[in-house]
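In: Below are the sequence and a predicted model; questions follow.
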Amino acid sequence: MSIPNFWAQPFRYMRYASHEYPARFYSIMVGAFGLALPVVIPIRHKLGFEDSPPVPMTWPIPNRKREPVPAEFDDAE
């Protein structure tokens, strides 16, 4: 079997490379899809998809008066 030339038979070469050099092939494919990311995000917004709300970094503070801790719950030594 002869090794296919990329410029003459690109799909056949990609199949050959995915079998012979899987780490190189898939890392190049992931990198190529990463370059398309700046194009995809504005399209998502135009189609109506919204970004998820940010993850909270603290507990929410209640909007009420703070109740004092009863004396029997204090640590007494």
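Out: Yep, that arrived. Numbering: from 1, shown residues only.
In: From the chain's centroid, how far away is the helix or strand hosting residue 45?
Out: Using DSSP states H and E, residue 45 falls within helix 37-46. Relative to its chain's centre, helix 37-46 lies at 14 Å (C-alpha atoms, centre = their mean, to the nearest Å).
In: what about residue 14, how many neighbours?
Out: A count of nearby residues for residue 14, using other C-beta atoms under 10 Å, gives 15. For the C-beta atoms, the positions are set from N, CA and C on the backbone; glycine is no exception.
In: tell me the SS of it?
Out: Using DSSP: H, G, I helix; E, B strand; the rest coil, the structure places residue 14 in helix.
In: Give me the number of neighbouring residues for residue 28.
Out: That count, for residue 28 with other C-beta under 10 Å as the rule, works out to 13.
In: Look up how far residue 6 lies from it.
Out: 12 Å (C-beta to C-beta, to the nearest Å).
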